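Enquirer: this one's sequence-less:
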């Protein structure tokens, strides 16, 4: 028999055993569910480490291989865990972020006509931070010309050093709101702590969770209780899985409107600030129904890559773009090197419109 | 002239120009300080983007190279920034975390005789999470035998998934406190959000900031106001610089007792959970007076590396060790795979004592 | 004097000092440029942290304020950075790979009409390895239908293990040549060692240097003496700079026809085999006149990402695509998991044609 | 029936099912082991995400609960993982590099009394490159004082740029041999290409394969045919597995005397040249009988970390140290920034002797 055929045959055997295992596992789960009910009657907790220890010892003693005792313990440990999960969260359905069918997509609509997730390619833009009314006014006027419907109104800046400019705070939000109202734009703004949410919700149409807070579970849970949509940036050290689970924290607390934003991961390369992981777009679309946007400012950290990266983001099917624009980048209080000038922004929009 | 001699000569010329630049920069700073005073009189802000723009334009027009206009703008942008910093934070001294002289070291003493930072090598240990009184009691009894003076009392667990075990909460802190009191131990516990600090401070002797929260500035600032020392773990994607600045957030808010903890960084290697960056110990000691400990559990993610890594940590001059110990790791609610058994812990202490 | 007048006066003083600083900085830049030349002679790198440290120490010792030592260090750090940039750019200027003007591009033409580097988007494809005449024949027939003009004729496979399939050797080249001739295609094939070049040159139209050999200088120099163009894949751990210098090894030995191929870098992410660094395309185009293609097979390591990544590659301006196609991937002798089936390949070409 | 009795009864049922699961899992493991053997024949990797995906889909379709599809997927995912581990361990078992029993170790003895792998901690040292007879003479005299028995005689330097100093070639080997003979030292020298081996074997006692050539299979195979031992450095982007397989290439060609050398991996950190992966030492010792040494020069790239890293290497059980020493580092023709001066080398040896 050829190795290929032999492989095929062995795989059929595995398939059959898989089904037998499935049956047995479900039989076990049904009994465990009954045990759970009895435990509820008895008022004891589901989790019983001593009992688990006894079961593992019995299995070790009975095990004759080829699986090692360690392998067997690892598998049963997992069985115990999911059984416990099943008991404890019987009501909890599978992951909320997960795409249940190929057509499922989360589409988020805003009162001014902005739509994210419907296959269009909206641009979220504005300066890195709100610095003054003049700066916001000047920027917004230019953006409005090109149909931008949502502006960055960043008033709380997460900075590496405690001595760097930390944002204008509520004053900055007021400026952003005022300018956005004038141009019929939505405002998105970064939130750094649960204690800021209520105050901020008076000014902003969408919250923004930065890379440094992607796994700040208290913040995520608190945003899950708000009505405003939430942009969740990927931490520069996070896997896809961790990122999707972070989104799950928000959704599990009640807010279905989460937008993922890829912004580059940290690698050894130094010519770019981070390495844009463009594969994140199709990977997220395979796994989740949530929209995913691409931030071409923080990923590259240099304006000369903004146009090509934006074109790639559009072509690959991203749900929109984030790019920083400042009327006078060299004097910006933060991220001076990566923000586009207004003429550069026009060139970017021109390039996208020509696609 | 040999290239080496030519190099030497050119470098002397640079050294001289450096000093001329220094003089000129300080002359500029003195005038800027005067301007700051006038601005205070006039009630205007120090930051004046329009003025900065004018200066840059003037410099661009005057520039004849070899530095490009971009280079000149970048340098002057930096000069503007530090001038502004100087004006705004005249009172602020240089970084608090910085080692000012070779002998400076932060030594932290606890009432039960535990000392961190004095050249000794204390062990912080205990289970990944508080699960029950029995579990903590059993662990503490074994640790006390080997002179351990501080136990992990983890009651709030940061987990990737919202559906995983999140810790026992205040109930867990009570258990940890009760057991620690019995064995005359200190309790250290992870804090996930500023809103938990006051409650936790009734139970814990030291706060713990996990990798995911290393740049949670609101949490860092709030802990800076507490009297308890703070362990600051390095994020698995953070540079040394970002880590030291995170410690600065705590110190700048008033708490001088910060302990850094290296716990491995994320790399492409999969045989270990993370890659322990042992160079962090001497690097931190060169730059800072703060103690630095090494976590051999999360870095390797496997018990069989705990002893060799602990020996390396001690030899390289770390200020102590963190290792997870559980009376029955296979049934642990979290990190089941990496916790040491009690006999493994004894072997670890034996190995360190034999050094 | 009124505060306003005083402010005006102080600002004039600042303006004057700015110009003095400008002059001094450019004087310094000129000397630094000379140092750069000496360093090139000596073969040392421009970046010298020890020397920078000495200069900073000297400045700190000389500094009498009002700028703090930190402020001075920050400004000089910036001066060092832009000086380094200037030196590196100057060195790059003389490199053969460097783009000397915006319109310079290397265009490579083959006798069968295939052109690489002219703005078109040719596809290099075929199976991971030549396995049999039937396999190549079947693949080539399908590719020819879609206008493919160059086929992979891989006969020497670099494998992680010495016990894995290492390719058919010269026999494989014969098969590839025969099939290519039938369909009027070019053949590209990976070369692992200088000793193979002469033999291979009887069969192949283009050489291929794999990621593992990107810095094999003997191989690069030997290929620099051949008339066939060379594809140079980026090592999964190489910076852009190292990659361009590797290309320089080939060009410096006389062969101007080098094609760069991005194929993903190694990161911590495990859902994809590597992380496609799409920014490599515009970065290379900024720095070099060489064509750059994108390999969507090794970067993702999964067929379901091939179409979106190919679209991104085309949109961002890559000079072509590399994708592995096999008539029956599950039984392929190498890379079974990432090769496209023939129907998947048709879907890919359809998707690109629809852009 | 009382709830207690009911609980007892249900638990007996669980116990029985556990044993049935155990039997079935081991049956599955036996077939998987056979599949592993066929895959080895076919030269495919054991890990096959596509196949795993198909199995999970089949299970999801067949699953009728009460376990959710997620629970089933989680359990089977764990089964896949331990099966994969088992297959990989089985494959490793047959590898020559693999440690077959806890006492197996490769010990390499040289005629001058140098021994590597016997638990001692020899130092391999000398300048980055041979530059002149004087330089080598001066270095060797200092090293001999401290009992060093092997010197770096590097005459072919792999450089990033083709325009950097590439080594003195055969002339350099002659110098190294002459000096080594005078001081009764062995010579180790880097080999860049198979074509150099025969010539070099007249001068050197040990070959050195650099990081860039770790997967140059032609070079590895050719060195496998020589009688001299081979140092195999880890590529800065290689996994442990790839590194051990590279050593297997040498051993499989007949040369049992391979010494692994850890020299840091490439990460995002920039304060050190690379990140020393100290865990490599115990990991290699768990998997292999080969000696492993630690290079503290290339890993840190800065002399001020050499002593602490050397102490960590010794404490963790490494089989020796590699450090670059130069009589006058600032004028060295390569790696000027990381080489120790002779006084620094004395301090290093003092520090190790004091352990």
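Expert: Great, that's in hand. Source: prediction; values computed, not measured.
Enquirer: is residue A:167 in a helix, a strand, or coil?
Expert: Look at residue A:167: counting by DSSP: H, G, I helix; E, B strand; the rest coil, its state is coil.
Enquirer: around it, how many other residues sit close by?
Expert: 23 (other CB atoms under 10 Å in any protein chain shown). C-beta: built from backbone N, CA, C; applies to glycine.
Enquirer: ok, it - contacts?
Expert: Contact analysis of residue A:167 by CB atoms under 8 Å, 6 or more residues apart in numbering or on different chains lists A:129-130, A:154-157.
Enquirer: check the nearest residue in space to it that is not next to it in sequence and give its pLDDT.
Expert: Distance criterion CB to CB, 6 or more residues apart in numbering or on different chains; nearest residue to residue A:167, sequence neighbours excluded, is residue A:157 at 4.1 Å. We have a pLDDT of 93 for residue A:157.
Enquirer: what's the helix or strand for residue A:157?
Expert: Residue A:157 belongs to no helix or strand when assigned by DSSP states H and E.
Enquirer: so it sits against residue A:334, correct?
Expert: Yes. With contacts counted by CB atoms under 8 Å, residue A:157 reaches residue A:334, the gap being 5.9 Å.
Enquirer: what ranges does the stretch 101-250 of chain A have for its helices?
Expert: A:133-145, A:170-182, A:197-201, A:217-223, A:240-252 (DSSP state H, counting those that start in this stretch).
Enquirer: so the fourth one, near chain B or not?
Expert: Yes. Counting by CB under 8 Å from any CB of the partner chain, chain B is contacted by helix A:217-223 at A:217-219, A:221.
Enquirer: make TSV from those and add neighbour count to it.
Expert: TSV is the format used below for the residues of helix A:217-223 next to chain B (neighbours: other CB atoms under 10 Å in any protein chain shown):
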residue	neighbour count
A:217	24
A:218	22
A:219	27
A:221	18
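Enquirer: what is the nearest of these to chain B?
Expert: For these, the minimum distance to chain B (CB to the nearest CB) is 3.7 Å, reached by residue A:218.
Enquirer: so what's the closest one closest to, chain neighbours aside?
Expert: residue B:193 is the one closest to residue A:218 (CB to CB, 6+ apart), at 3.7 Å.
Enquirer: wait, that neighbour sits on residue B:222?
Expert: No. With contact defined as CB under 8 Å, residue B:193 does not count as touching residue B:222 (9.0 Å).
Enquirer: do stretch A:18-35 and chain D meet?
Expert: Yes. Counting by CB under 8 Å from any CB, chain D is contacted by stretch A:18-35 at A:18-22, A:24-35.
Enquirer: put the buried members of those residues into a ChimeraX selection.
Expert: A single ChimeraX command is used to select the members of these judged buried by 16 or more other CB atoms under 10 Å in any protein chain shown:
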select /A:18,21,22,24,25,26,27,28,29,31,32,33,34,35
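Enquirer: buried sites along stretch A:322-338?
Expert: A:322-336, A:338.
Enquirer: can you give me the end-to-end span of that stretch?
Expert: 12 Å (CA to CA, to the nearest Å).
Enquirer: what does the stretch 201-350 of chain A put close to chain C?
Expert: A:237, A:239-241, A:265, A:267-272, A:275-279, A:281-283, A:286, A:299-300, A:304-305, A:308-309, A:311-317.
Enquirer: quick one, strands of the stretch 51-200 of chain A?
Expert: Counting by DSSP state E, counting those that start in this stretch, the stretch 51-200 of chain A has strands at residues A:108-109, A:115-116, A:123-126, A:150-152, A:186-190.
Enquirer: could these be laid out in CSV, adding distance to residue B:118?
Expert: As requested, these are exported to CSV (distance: least, CB to CB, whole Å):
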stretch, distance to residue B:118
strand A:108-109, 56
strand A:115-116, 56
strand A:123-126, 51
strand A:150-152, 48
strand A:186-190, 41
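Enquirer: pretty sure residue A:4 contacts residue D:41?
Expert: No. With contact defined as CB under 8 Å, residue A:4 does not reach residue D:41; the gap is 9.9 Å.
Enquirer: low-confidence ranges in the stretch 51-200 of chain A?
Expert: Counting by pLDDT under 70, the ranges of the stretch 51-200 of chain A that qualify are A:87-94.
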